[in-house]
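> Need the 3D shape of this:
(chains A, B and C)
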Amino acid sequence: MALAFTALTSLLLIAIFIFKEGVPFIARVGFRDFLLSSDWRPQAGHFGIYPMIVASLLVTLGAMLVGAPLGIACAVFLNEFVSKPVTRVIKPTIELLAGIPSVVYGFIGVVVVAPLIRSQFGGPGLSMLCASLILGVMVLPTIISISTDVLASVPNAYREGALALGATRWQSVHLVILKAARSGIVAAVILGMGRAIGETMAVIMVAGNTVQVPRSALDSVCTLTAKIAMEMGSATGPHRQALFAIGVVLFLMIMMFNALAMTAIKKRFAGK
Amino acid sequence: MRIPPRNTQALAVTLLAGATGLTLAVLVFVIVFILGKGLPVISLGFLFDNPQEMGKAGGIFPTLVGTLILPLVAILIALPAGVGTAVYLSEYTGDNLATRIIRFGTDCLAGIPSIIFGLFGFIFFVTTLKMGWCILSGALTLAIMVLPTIIRTAEEAIRAVPAGYREVSCSLGATRWETVLKVVLPNALPGIVTGIMLSIGRCIGETAAVIFTAGASLRLPHSVFDSTRTMAVHFYILAREGISNENAYGTAAVLILSVLLVNSLSYWMMNRFIARRTK
Amino acid sequence: MTDAVKISNRNFSVFYGAIQALRGITLDVLAHQILGIIGPAGSGKTALLRSMNRLNDLNPNCRVEGQILLDGEDIYQPEFDAVRLRKRVGMVFALPVPLPLSLFDNIVYGPRLSGIRARARLNELVERSLQAAFLWDEVKDRLQTSALRLSGGQQQRLCLARVLAMEPEVILLDEPCSGLDPISTSRIEEALMALKSKYTIVLVTNNTKQAARVADTTAFLLQGELVEVGPTDRIFTAPKDQRTNDYVSGRFG
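Predicted coordinates:
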């Protein structure tokens, strides 16, 4: 049954080939100069990705500020306050959000959200704020569907127990159910972060792509993923290796998020 | 002063309902906006004519073909591997080190963003294996990308087949393999098909993993060794390079309609499957 | 011929993980007889039954000790083919499990696996086994409809017919009437009485009256041990062991 190892083999191949291109480059340029320098001028041989790292993290954080409260609220509402038939209609509808291609979200960002930001708050419009808003919407399906599953797995006895003690529905939710489902919801948010930090095409379209450490949410930024995708087509030699090195950093970040999420989920099952 | 629980309840429910309403509103807005601007552009000519001036004028026919072929080839590659893995995980082994490693690998693969798949496909299939930008490179990359989806849905569907069926089949003199082939897989089929549909939906909408592996040629492909451009890539290029907003809207509308169609179909099948199972 | 030993359990034990389900059972099954196995829930009846066609192999946590001989051959020898064993030793489960196929396809499932393809031969097998299971008259006009549409009692008789179509030597039945009404139960019992001239039958039942009605020999299991075995009449009228007496007179279980 060698077939069964296809997924594993693919994962290893991916890691090996990206690391093979990227890691020697990082070793040559130097860990510090690569990660902590702000000087990105491939033609001159300067490859500092600090601004991109900051941009990726800030955009992801912003997306979570939008997506996490909205997504968790949706999941709680659908699971605790709405009758089953209504949920059965609304949940798949929301999951359709996940099916809309990321380029379409990016496009909406360009033609609707960015002009709105420019006219209301000033700045270039294509900005960290715009990217965070768009990504915030894009991570909703991930957060909602995992949170709903987690909430649905909280035993009914908890709800009934709380209600029997005279709690209102909302008290039973925030005092009992959210506590019981906490680590699962944390996992949902972390997985959402993983999606946000890895998203590429939508971000290229809306973030403005200026390599700089942003001073406000209205500044144009360039994320790690955007840098890879924009320059991959034309890059050669060390420049291309540098892009793979960014891929290595991204890969490690994502794996870290995944590991965190898995630990959170494990803890949940261990606690049962 | 303490706010009475009844009021906090009312406030909380209002906020939660507001959040849900907002999410639905965003969804409706995205779809209505794109369809509103795009549907008027769509005509038979738009769908079946070749593009002119890099897509500034003319239709989207080659990208339609690319969007059909690429996911199809990807599924043809991913299906045997994915279903094989699922059968191995659920029928042939208990919980041991090998299955735990496989599951871990599958989970990790599911979390990898598409740009990494694009990078990998480019360095491995396009460059190292010297396949160049072509449908096969793109399809192999997409196949790896959707593998976790296929494995998970197939495994779930296989586990949902009643244990009694397996026992009966074995007690009637079937081998493990005959049981899988004649009883387990036919009964897991609707679930497996749902996984296929979800995967196709993901392939249709994918851009980052496709553009670096299948390329962006606007010519009609003659074999899997030709480059092709999918609708998603075409739309990205039209919008990003400002070639034609009108055609961008049209392409986006076709793109959204196809993804919605595929996804709705898979939900419908999943529900039918669940309904049949719980009957 | 009636006294020939068909299956012989020799000091046979079964473990599920750390739990021992059977403790050194030694029990002979005579050819062309019905052996009834009775005992309260959890006494190891089903474990014993599932050992006799090695269906326990499907459970990775299961481990066995001792021997089971079929016609003098140890079925737990590594070179003994479990798949061929199951063709010789058929099984009917407690709950009727028709495969989600037509009546016809359910019955020819086993024969087709053995390589029988000729339509005429399959038709003949279907008719003969359905008649032997007393089901033919009720279903002969709808052999192509789904087996899931039958009533519970019909489904169980279909399962019996499905086993008969394999032309086995031994038929194992695991509480085949536990989910059935009295009329369906009597149909099954009737079929079993008619079948024992051709087959060797082992009937696990939690209904002591059923054992008294149909079994030639009855064995009483308790907590994984064989307490007593003997001619059915004697077990029910003059048991040697106090525990058997308590059980058959309904004092526990």
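> Go ahead and measure how far stretch B:27-42 is from the middle of the chain.
Offset of stretch B:27-42 from its chain centre (CA atoms, centre = their mean, to the nearest Å): 22 Å.
> Let me see the residues that make contact with it.
Contacts of stretch B:27-42 with the rest of the structure, by CB atoms under 8 Å, 6 or more residues apart in numbering or on different chains, involve A:93-94, A:96-97, A:100, A:104-105, A:107-108, A:112, B:246-247, B:249-254, B:256-257, B:260. All C-beta atoms are positioned from the backbone trio N, CA, C, and that covers glycine.
> Those in strands, which ones?
Using DSSP state E, no member of the contacts of stretch B:27-42 sits in strands.
> what's the weakest-modelled helix or strand in chain A?
Every helix and strand of chain A was ranked by mean pLDDT, DSSP states H and E. The lowest is helix A:84-99, at a mean of 83.
> which strands and helices sit next to that helix?
On a contact count with 3 or more CB pairs under 8 Å, 6 or more residues apart in numbering or on different chains; DSSP states H and E, helix A:84-99 meets helix A:140-152, helix B:5-38, helix B:245-278.
> ok, the first one near chain B or not?
Going back to what we said before, that points to helix A:140-152. Yes - with CB under 8 Å from any CB of the partner chain as the criterion, chain B is reached by helix A:140-152 at A:140, A:144.
> circling back: can you put the helices and strands packed on helix A:84-99 in JSON lines and add distance to B:Val183, mean pLDDT and mean neighbour count?
Listed next are the helices and strands packed on helix A:84-99 as JSON lines, based on distance: least, CB to CB, whole Å; pLDDT from 0 to 100; neighbours: other CB atoms under 10 Å in any protein chain shown:
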{"stretch": "helix A:140-152", "distance to B:Val183": "29", "mean pLDDT": "91", "mean neighbour count": "22"}
{"stretch": "helix B:5-38", "distance to B:Val183": "41", "mean pLDDT": "91", "mean neighbour count": "16"}
{"stretch": "helix B:245-278", "distance to B:Val183": "15", "mean pLDDT": "83", "mean neighbour count": "19"}
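> any chance of these in CSV, with distance to C:Ile116 too?
Listed next are these as CSV, based on distance: least, CB to CB, whole Å:
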stretch, distance to C:Ile116
helix A:140-152, 47
helix B:5-38, 56
helix B:245-278, 31
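> ok, the residue in chain C that chain A sits nearest to - how many residues close by?
Closest residue of chain C to chain A, CB to the nearest CB: C:Pro60 (15.7 Å). C:Pro60 has 12 neighbours, counted by other CB atoms under 10 Å in any protein chain shown.
> Backbone dihedrals for C:Pro98, both of them.
Dihedral pair for C:Pro98: phi -70, psi 140, per degrees, to the nearest 10.
> With A:Glu199 instead?
phi -60, psi 140.
> tell me the contacts of it?
By CB under 8 Å, 6+ apart, the residues touching A:Glu199 are A:102, A:135, A:138, A:225, B:113.
> from memory the last one sits against A:Met253, does it?
What it means is B:Pro113. No - taking contacts as CB atoms under 8 Å, B:Pro113 lies outside contact range of A:Met253: 9.9 Å.
> which neighbours do these two share?
Shared contacts of B:Pro113 and A:Met253 (CB under 8 Å, 6+ apart): A:Ile197.
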